[in-house]
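1. Just need the structure, nothing else, for what follows:
(chains A and B)
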Amino acid sequence: MDNDFVLYVEDDDDLRKVVVELVTAVLERRCVGVGSYEELVALGDQAFRSGLAILDINLGANRRSGIDAYAWLRNKGYRGRIVFLTGHASMHPLVVEAQRVGDAEIFSKPIESDRLLSIVEGTRA
Amino acid sequence: MTLSHDLAARHAWRGAVVAAALNAAGMSVDYLLARNLPAMPIYPYVISVLVGIGLLVFLLIRRRRATVRLGSVAFLINTTAMLIALWITSGYWAAGGPWTPFQANKLGALAVPMLAPQLGVGLASIAGFAAMAVAKFYFLDPDIQRGFPIGEPWFVLIYAAFAGVLLVFRLRGLALEREVLRVQAEAASADHLARTFLRLRDYTNTPIQTIAFTTGLLRAKQGDLKPLLDRLERAVQKLTELSDALTRYEKAHNWGPGEESLEPSAALTVASRGWRLRRPDTAAGIASSSPPSASPRPGQAAASRTSRRRRMRAP
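-> From the prediction side, this is the model:
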């Protein structure tokens, strides 16, 4: 399996589907969308083959967050680029925690589609 | 009814209750000490004690509906009952032998600053205790007057002056305390407002993002839709600027434990319910006195968008 695909973790179905479609249609690059931490873990080894993981920080109330997803990926040896995309304020506790976790970049929603595409393009294998 | 008014009413009620209790207890003790004086009547004491007890019961019944006016009226009635009793009994005390003049009046004048609900009521009560003593002095037999210690009854005026100063000092302290509490309540409401705006902003960011990406996707697929997509993009741009404008509330709000795990929509429901509950107090005033600016200054939105991209590096 190639490592030229994008992994997108987002609990909002509409947003997840449109990102998958956008990346696929414009960049002709495969994008795999999952809606929760549990779905990400269920991907198993397939997740580690992606070159870029885009994670929403808040994956729903009382659910594992994007930070948990980040920790899981890194702990399992994932070497790709990780980007957080969040709708929360920079002072929000989860965002503050995300700023401390390490080498991930954080982008605040909404960003322009060109911006998303350039992020994905920047990690083309 | 505002928080400040509630506190003032509570202070007035409490002062009147304590004054009535002191009247009932003090006059009872005074009678026990005076009962062996020749011809000392009991009725002034009984009347004063009954007035005190009656006011006490009345104030306890009206506890939930206390007002400053109620406290003030009760306080004045209580003082008047005491002054009448002291006017009658002090003549017997003076005629009964060695006596330190008008101790009860001096004590009463000094108690007023600690209990009076309002400045006017307090000053009137202090003046009543002092004037009664001086007036009574001139109604006493000249032989009794000559037996008074040097400086009496004028010392009561010095007590009254000190009591007046203490009264002003205490009431100013109470007013300051109420103002501090009012400001704290306003700050709490402002924090609540900021939290609501932040929830609103967080909640709208994902749908806005969906529209923005959908627009980009349509533009890529359907080039002939350009005018429509331009219009959509401008609408998204305006919503984004609104989101940026709400960013100013970020630093005003301290996130509490567990708040980060709330669903935005559920939090909005809770916030609006809390808002409705607070409206009878000061929250409505704040909403009208400090409205959030709907749109940022030119260039501010662009600068904010530039700052959106926050890059982090491992230490």
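2. Now stretch A:40-54 - C-alpha only, CSV.
-> The C-alpha coordinates for stretch A:40-54 follow below in CSV (Å, rounded to 0.1, in the frame of the first residue of the first chain):
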residue,chain,number,x,y,z
LEU,A,40,-8.6,5.4,14.0
VAL,A,41,-7.3,2.5,16.2
ALA,A,42,-9.4,0.1,14.2
LEU,A,43,-7.5,1.1,11.1
GLY,A,44,-4.4,-0.5,12.6
ASP,A,45,-1.3,-0.6,10.5
GLN,A,46,-3.0,1.2,7.6
ALA,A,47,-3.0,4.4,9.6
PHE,A,48,0.8,4.4,10.0
ARG,A,49,1.3,4.4,6.2
SER,A,50,-0.2,7.8,5.6
GLY,A,51,2.2,10.7,5.0
LEU,A,52,-0.1,13.2,6.8
ALA,A,53,-2.6,13.0,9.6
ILE,A,54,-5.0,15.8,10.1
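3. Report the distance from that stretch to the chain centre.
-> In terms of Cα atoms, centre = their mean, to the nearest Å, the centre of stretch A:40-54 is set 10 Å apart from its chain centre.
4. buried sites along that stretch?
-> Buried residues in stretch A:40-54, defined by neighbour count with 16 or more other Cβ atoms under 10 Å in any protein chain shown: A:40, A:41, A:47, A:48, A:49, A:50, A:51, A:52, A:53, A:54. In this view, the C-beta of every residue, glycine as well, is placed from N, C-alpha and C.
5. Among these, which ones are in strands?
-> In strands, judged by DSSP state E, the following of the buried residues of stretch A:40-54 are found: A:52, A:53, A:54.
6. Isn't residue B:74 up against residue B:55?
-> Yes: between residue B:74 and residue B:55 there is a contact under Cβ atoms under 8 Å: 5.1 Å.
7. what is in contact with those two at once?
-> Here residue B:74 and residue B:55 have B:16, B:20 as joint contacts, going by Cβ atoms under 8 Å, 6 or more residues apart in numbering or on different chains.
8. And these two? Which one has more around it.
-> Neighbours per residue, other Cβ atoms under 10 Å in any protein chain shown: of residue B:74 and residue B:55, the larger number sits with residue B:74, 27 against 23.
9. returning to what we had before: tabulate the buried residues of stretch A:40-54 (CSV), appending distance to chain B.
-> Shown next, in CSV, are these (distance: Cβ to the nearest Cβ, whole Å):
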residue, distance to chain B
A:40, 19
A:41, 20
A:47, 21
A:48, 20
A:49, 23
A:50, 19
A:51, 19
A:52, 15
A:53, 15
A:54, 12
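10. Distance of residue A:15 relative to residue A:42?
-> For residue A:15, the distance to residue A:42 equals 20 Å [Cβ to Cβ, to the nearest Å].
11. per-residue confidence at the spatially most distant residue from the centre of chain B?
-> Most distant from the centre of chain B: residue B:224, at 65.4 Å, with distances by Cα atoms, centre = their mean. Residue B:224 carries a pLDDT value of 77.
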